[in-house]
Structures are given as C-alpha cells and as structure tokens.
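Asks: what follows is a predicted structure for the sequence shown.
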Amino acid sequence: MGIRTLQETDNKQLAQLIKSSLISAGLDKPGTAYYDPQLQQLSFYYEHLTNANYWVIEQQNKIIGGVGIAPLEDLPEICELQKLYVDNRFQGRGLSKNLMDTALNFASKYYKACYLETHTSLTKAWHLYEKYGFERLKQPLINSEHNAMDLWYYKKLI
C-alpha cells in the first residue's frame, strides 16, 4: 500500500470514492466536490495545472484514498489542499496522515502557505488539519464553487 501520483486509469475509481464519501457524510449536494465538473477526470485537471499534483493510495488495484495540491486562484504564493478522502473501511490506519505529509511536503517546495475548505460535520478531517497546524479562518480566502463548506483553514509553510 503506497502513495503514488494519480493516473488516468484511476479517474473512475477516485470519483466513486469521493462521491461515496460525500454521500456517507450527507454532503452529496450542490456546493461540494460531489458536483465538481472535473470530478470524473481529475488526472487531466491536475496534469494541466502548474505546481499541482494529486496522489492516491492503492491497495490490491483499488483506490482507497487521495489528496491534491493546486494553486489557489489569483493568489500565486498560496496553494489549496483539495479532496482529501480515505475509504471509510481504511480509516484509523494513518493513511490520512501519510497523504497530508506527501501533499504538504510537495506544497512547501512551491508555496508559502496552504489553504483548505471543509465542513463542520467532518470532525475527523478538521481535527487532522488542526493537528497539522492549520488555523481556522473566520471567512474564506476566495469565493469558491464549494459554497456549502463552512470551515476554512490556513497554514504557513515556511
């Protein structure tokens, strides 16, 4: 079980993982990643961005987790941590931490800070972000398509 860069052949499985995770959290609604237009083709989305990447964890040819880093619109020194998901059956094994370490290590090479959006109902997620030194913001840094998200975090990388 290792972390590797997302490939085109992973797109369908990854989209299913993200959608099923959002359904189980009651977040399969507009304003969430569930309705992202690029969700079915994430490998193409990340491959066409500068200083961006998406990593997956695979076990027995099945995608069980993933996370992305992408530039934050109009703020070139800040990246966004995106779409951190781990299959419910594999949570509690440190996989989210492995994904966070990979993403933040990459981000620190290109950016001065990292931003993310999440939801108050995703308590495991925001507890993880706070353990990594992300600080809660009072409002979003950008007007995002993910307007159903109600928690925003920021972390200096240098």
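Replies: Yep, it's here.
Asks: just the strands in the protein please.
Replies: With strands called from DSSP state E, the chain shows them at 2-5, 53-59, 62-72, 75-86, 113-118, 135-137, 151-156.
Asks: wait, which of those is closest to Ile23?
Replies: strand 75-86 (11.8 Å; CB to CB). (Each C-beta comes from the backbone N, C-alpha and C, glycine too.)
Asks: which residues touch that closest one?
Replies: By CB atoms under 8 Å, 6 or more residues apart in numbering, the residues outside strand 75-86 that reach it are 17-18, 21, 33, 42, 51-52, 54, 57, 64-72, 95-96, 99-100, 103-104, 107, 110-117, 125, 141-142.
Asks: in that strand, what's buried?
Replies: Ile78, Cys79, Glu80, Leu81, Gln82, Lys83, Leu84, Tyr85, Val86 (16 or more other CB atoms under 10 Å).
Asks: poorly predicted segments of the chain, please.
Replies: Within the chain, no range satisfies pLDDT under 70.
Asks: could you measure from the residue lying farthest from the centre of it over to Gln13?
Replies: Distance from the centre of the chain peaks at Gln60, with 22.3 Å (CA atoms, centre = their mean). From Gln60 across to Gln13, the span is 12 Å (CB to CB, to the nearest Å).
Asks: so where's the longest helix in this protein?
Replies: helix 95-110 (DSSP state H).
Asks: re earlier: out of the strands of the chain, flag the one nearest Pro37.
Replies: Nearest to Pro37, of the strands of the chain and by CB to CB, is strand 75-86 at 13.7 Å.
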